[in-house]
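[1] Sharing a model prediction with you, sequence too.
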Amino acid sequence: MKKLSLLVLGLAFACNSSQKTVLEAPQPKPMANPVPYAETITQEDLKEHLYTYASDEFEGRETGTPGQKKAVEYIKTHYESLAVPPAQSNGDYFQKVPLEVSKVPEGSLRINDTSFELGEDILTFSEAKGTYNNIVYVGYGIEDGDYSDYEEIDVQGKYVLIKAGEPVNENGVYTISGNMEKSIWSNASEAVGKKRDIAHEKGALGVLYYDMLSFPRFQGYFQFMKNNNSGRMQLASDAGDEVLIYLNDDAAKTLKSDIEEDNVPKSINTNITMDISSGNDAINSENVVAFIKGSEKPDEYVVISSHLDHIGITADGQINNGADDDGSGTVALLEIAQAFKKAADEGNGPKRSLVFLHVTGEEKGLLGSRYYTDVEPVFPLENTVANLNIDMIGRIDPKYTGARNYLYLIGSDKLSTELHNLSEEVNKKYTNIEFDYTYNDENDPNRFYYRSDHYNFAKNNIPIIFYFNGTHADYHRPTDTPDKIDYDLLENRTRLIFHTAWEIANRPNRLVVDKVSD
């Protein structure tokens, strides 16, 4: 009986000990006050960085040039001085981004017995050779929801003929939207890429594209590249993509005389001979990627980005320093990283991991960010919570009519209502900047949402905010210099982005994506 009593007593003691252990389990650490860390972001530090980064020594930071190499070394040295480690597992801050420059090609295209000259009647940056006698006309070349121009049409191993635009009935109702509003398929710049990608996915060798309204604009770009003995820069991984050839009115209607009226996909039995020669030059460039590991959710990532490149030196030898574009975003990112590192050193590091991403080739077509998202993500995109992208935040748009303490925000509500609300709340609490959403309008003709590095994250359904001060007379000119930066505004805007990143990184749950990108 005594032994039994001792056993019962022991069990009771064990249970009490277990309960005590549960009650004393460590609770999640409350979020620290971020204000002291935000205050380390100062006008003086931003100015010191920018007067170096946007100096003549960096030669305009054009992608692949010695000036751009100096830029990435400057960024790397800053992270090394902070002891903020590289993000890549190989210990290298530089993420190699293999690029190629497509030389302006030469040649012609023959349809039956009629020859069409490159640069006059047809436009392409691709090499294309061979004779083909079965071209597939796919109308608008759209596949969207229940609508498809590829239904019961085989394009495998063939060239396809596509025309610009989208289907609309005699009452002005667009098939895709179901109302009188045009969809993305009517946007010339975006639709051509989407249509090309669909054709490629269907197995087409290449695309012959008819866009009568946009052909003169494309032709002007082609002639500029030819006259300057330059070509289009692209990711090396894109070099093997299918051919895209723009046709003018004569070429398109020689191939299909009723192309404007006929929307029905069908085969076209005609002979096309392509004799277009080109060649590519390899360009070596790199993103710079550093990170601070999260203390509680290290496998969730908040990416803060800016582009490190600019447009280099003009033909007459003038240097485009790019102080605002995007020297302002670059130095802001350096200061944000420093603030987070100070917090981490004091035991208040972010709960989620922070990725500081400086991308190359933005001026050449968002190449560095696309390499990060589409080719070689350093961290999984499915674990990427948000992207805050900084591109030009140091100036005042002369067209802006409000108070000077403003900032254009783009994209905050496109994918996550929660991110938009968080952004508003953070601003009211800490910085009181007037947010202007003019450029967030889907109908805004500038289409800025599609023109900076955040877009490569957004298209992968990662919530984004694009911070932007608007353009000015010095945009893409040698006069974009550090002395014209409003450093008090740059300080406050940078602190805003820090506070926003702090809140995203430390909130209990990751942001909810309640909308989906097209």
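    Perfect, I can see it now.

[2] Quick check, pLDDT for the spatially closest residue to residue 86 that is not a sequence neighbour.
    With sequence-adjacent residues excluded and distances taken as C-beta to C-beta, 6 or more residues apart in numbering, residue 86 is closest to residue 93, at 4.2 Å. Where C-beta positions appear, they are placed from N, C-alpha and C, glycine not excepted. Here the pLDDT value assigned to residue 93 is 98.

[3] who touches residue 117 in this structure?
    residue 108 (C-beta atoms under 8 Å, 6 or more residues apart in numbering).

[4] Name the residues of stretch 411-430 that come out as buried.
    Buried positions in stretch 411-430, judged by neighbour count with 16 or more other C-beta atoms under 10 Å: 411-420, 422-423, 426-427, 430.

[5] contacting residues around the residue nearest to residue 86?
    75-76, 79-80, 86-87, 288-290.

[6] Now intersect the buried residues of stretch 411-430 with the helices, please.
    Within the buried residues of stretch 411-430, residues falling in helices by DSSP state H are 417-420, 422-423, 426-427, 430.

[7] Looking at those residues, spot the one nearest residue 472.
    Nearest to residue 472 among those is residue 427, at 23.1 Å by C-beta to C-beta.

[8] Against residue 263, how distant is that closest one?
    48 Å (C-beta to C-beta, to the nearest Å).

[9] so can I have JSON lines of the contacts of residue 93 showing neighbour count, distance to residue 270 and secondary structure?
    Shown next, in JSON lines, are the contacts of residue 93 (neighbours: other C-beta atoms under 10 Å; distance: C-beta to C-beta, whole Å; DSSP: H, G, I helix; E, B strand; the rest coil):
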{"residue": "75", "neighbour count": "27", "distance to residue 270": "54", "secondary structure": "helix"}
{"residue": "76", "neighbour count": "18", "distance to residue 270": "56", "secondary structure": "helix"}
{"residue": "79", "neighbour count": "23", "distance to residue 270": "58", "secondary structure": "helix"}
{"residue": "80", "neighbour count": "13", "distance to residue 270": "62", "secondary structure": "helix"}
{"residue": "86", "neighbour count": "19", "distance to residue 270": "55", "secondary structure": "strand"}
{"residue": "87", "neighbour count": "25", "distance to residue 270": "52", "secondary structure": "coil"}
{"residue": "288", "neighbour count": "27", "distance to residue 270": "51", "secondary structure": "strand"}
{"residue": "289", "neighbour count": "24", "distance to residue 270": "50", "secondary structure": "strand"}
{"residue": "290", "neighbour count": "25", "distance to residue 270": "56", "secondary structure": "strand"}
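
[10] Now flag whichever of these is closest to residue 160.
    Nearest member of the contacts of residue 93 to residue 160, counting by C-beta to C-beta, is residue 289, at 38.2 Å.

[11] where along the stretch 301-450 of the chain do the strands fall?
    352-359, 384-390, 406-410, 434-436 (DSSP state E, counting those that start in this stretch).

[12] so which of the ones you listed comes closest to residue 502?
    strand 352-359 (9.3 Å).

[13] Residue 287 contacts residue 356, doesn't it?
    No: look at residue 287 against residue 356 with C-beta atoms under 8 Å: they stay out of range, at 10.6 Å.

[14] Which one's more surrounded, those two?
    For residue 287 versus residue 356, the count of surrounding residues by other C-beta atoms under 10 Å is larger for residue 287: 28 against 25.

[15] Any idea how many residues pack against the nearest residue in space to that one that is not next to it in sequence?
    Using C-beta to C-beta, 6+ apart and skipping residues adjacent in sequence, the residue nearest residue 287 is residue 95, 4.2 Å away. Residue 95: 25 surrounding residues under other C-beta under 10 Å.

[16] Please identify the helix or strand for residue 95.
    In this assignment (DSSP states H and E), residue 95 forms part of strand 94-102.

[17] Same check on residue 162?
    strand 159-163.

[18] In its sheet, which strands sit next to that strand, and in what direction?
    strand 135-137 (parallel), strand 206-210 (parallel) (DSSP bridges).

[19] Using PDB, write out every CA atom in that strand.
    Listed next in PDB are the C-alpha coordinates belonging to strand 159-163 (Å, rounded to 0.1, in the frame of the first residue of the first chain):
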ATOM      1  CA  TYR A 159       5.100  29.300 -88.000                       C
ATOM      2  CA  VAL A 160       2.000  31.100 -86.900                       C
ATOM      3  CA  LEU A 161       0.500  34.300 -88.200                       C
ATOM      4  CA  ILE A 162      -1.100  36.500 -85.500                       C
ATOM      5  CA  LYS A 163      -2.700  39.900 -85.700                       C
END
